[in-house]
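Undergrad: What shape does this take:
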Amino acid sequence: MPSKRVFIALSQWMLFAVLSLAMGLGSLQAAPSKKAPPKAVPPPEDLSKYVGSDTCQGCHPDVYKQFETTPHWRTMEFTVKNKQGCEACHGPGADHVNAGGGKGTMFNFQGVSAKEISARCLKCHEYGEEHSNFARSQHSDNQVSCTNCHSPHHAQESQYLLVMRQPQLCYSCHGEIRADFSKTFHHRVNEGLVKCTDCHNQHGGFLTKQLRSTAAQDIVCMKCHTDKAGPFVYEHAPVKTEGCVSCHVPHGSANMRLLKRSQVNLLCLECHTLTIDSGAPSIPSFHNQTAKYQACTLCHTQIHGSNFSSVFFK
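TA: Model prediction:
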């Protein structure tokens, strides 16, 4: 049995350890925390510089009348004065009024860079998925501003204040695409059944060609062609790796089903050659491809994916 002296020594050691721990925690709590220096707060804006949209109406009645018919009129409901009406976009108008008008006395959207215009619009429109990526968009990189497509005062289309109806608006820059939609087989864009912005996000995104995606993050084609979306037990690899454009031309084609080649066999043989160098399964020897007697999809009907057959039989 350990002696009484040993028990006393152990008790004293444990008491010393507890006191040391308590003193250490106390010193940590007492030590001043290192906080980041406070950021400089911008000086409050001089609200006396704002004169109100009624003052603007006196000199610009036609513009004000058009403004009342647009969604921007709702800014008049804001309680913050510098976010109301004309001055929400053009800035305070006191200097403009005192000078009797004239350029340079308030912000004018003419004669400034596309970056400045877009930055001013994004003060209100930067939130949400639609506009949040505009800074990285192809339009922004190519000096296309919001007012190239939208007109706050003289819009031709009430929806989104567009300066022109789609697809003519898109064709004004992307003229090379117009011919594709005139081909025999095409998506019905010119007919008004499909819009460019159904597939492309004109305000930017993370996918190539500024393509949109479905809610399940599938390629945008699956938004309409849901039967091709899967998931399938046996998937056709190009659908997942390269997407629909590995076989189809999305805008328009001279071939049925918007295919890249006039004959299905020739399209399949671009991957499924007579050798295995391509990495895709080669054509069996009993398929007489020299005769081109049938389309591959006559037998391999479930070419986009199958739940029953690894070779996409029905």
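Undergrad: I figured L161 hits T69, correct?
TA: No. Assessed by CB atoms under 8 Å, L161 is found out of contact with T69, at 10.3 Å. From N, CA and C alone the C-beta is placed, and that goes for glycine too.
Undergrad: what about C221, distance to R212?
TA: 10 Å (CB to CB, to the nearest Å).
Undergrad: Then V189?
TA: 15 Å.
Undergrad: Over to C121?
TA: From C121 to R212 the distance is 21 Å (CB to CB).
Undergrad: of V189 and R212, who's got more company?
TA: Between V189 and R212, V189 has the larger neighbour count (other CB atoms under 10 Å), namely 22 against 15.
Undergrad: And the helices in the stretch 151-300 of the chain, which stretches?
TA: 168-171, 175-178, 196-199, 237-241, 264-269 (DSSP state H, counting those that start in this stretch).
Undergrad: got CSV for those helices, with mean pLDDT and distance to G252 too?
TA: Output for the helices of the stretch 151-300 of the chain, formatted as CSV (pLDDT from 0 to 100; distance: least, CB to CB, whole Å):
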stretch, mean pLDDT, distance to G252
helix 168-171, 95, 13
helix 175-178, 91, 9
helix 196-199, 93, 13
helix 237-241, 85, 21
helix 264-269, 87, 17
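Undergrad: now those in CSV, with distance to H150?
TA: What follows is those, written out as CSV (distance: least, CB to CB, whole Å):
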stretch, distance to H150
helix 168-171, 10
helix 175-178, 21
helix 196-199, 13
helix 237-241, 36
helix 264-269, 41
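Undergrad: wait, which of those helices is closest to V112?
TA: helix 168-171 (21.9 Å; CB to CB).
Undergrad: and the closest one, what other elements does it pack with?
TA: helix 175-178 (3 or more CB pairs under 8 Å, 6 or more residues apart in numbering; DSSP states H and E).
Undergrad: Now the helix it packs on: buried residues?
TA: Using 16 or more other CB atoms under 10 Å as the test for burial, helix 175-178 gives R178.
Undergrad: domain ranges for this structure?
TA: Annotated domains of the chain cover 49-135, 136-212, 213-314 [automatic domain parsing].
Undergrad: from the middle of its chain, how far away would the longest one be?
TA: Going back to what we said before, that points to domain 213-314. Taking CA atoms, centre = their mean, to the nearest Å, one finds domain 213-314 lying 28 Å from the centre of the chain it belongs to.
Undergrad: and it, how far apart are its ends?
TA: Taking CA to CA, to the nearest Å, domain 213-314 runs 29 Å from one end to the other.
Undergrad: more crowded one of L161 and T69?
TA: Neighbour comparison, L161 and T69: the larger count goes to L161, with 19 against 11 (by other CB under 10 Å).
Undergrad: ok, the more buried one - contacts?
TA: The neighbours of L161, taking CB atoms under 8 Å, 6 or more residues apart in numbering as the test, are 70-71, 150-152, 155.
Undergrad: These: which two are farthest apart?
TA: Distances among the contacts of L161 were taken as CB to CB; the most separated pair is P71 and S151, at 12.7 Å.
Undergrad: So for those two, which sits in the more crowded spot?
TA: S151 (17 against 11).
Undergrad: The residue lying closest to the more buried one once chain neighbours are set aside: how many residues sit nearby?
TA: With sequence-adjacent residues excluded and distances taken as CB to CB, 6 or more residues apart in numbering, S151 is closest to V163, at 4.7 Å. Residues lying near V163 (other CB under 10 Å) number 16.
Undergrad: now swap in H272 and tell me
TA: Residues contacting H272 under the criterion other CB under 10 Å number 19.
Undergrad: Then Q294?
TA: Neighbour number of Q294 under other CB under 10 Å is 12.
Undergrad: residues touching it, list them.
TA: N265.
Undergrad: residue nearest the centroid of this structure?
TA: The centre of the chain sits closest to G205, judged by CA atoms, centre = their mean, with a distance of 3.2 Å.
Undergrad: So that one versus Q138, what's the distance?
TA: 10 Å.
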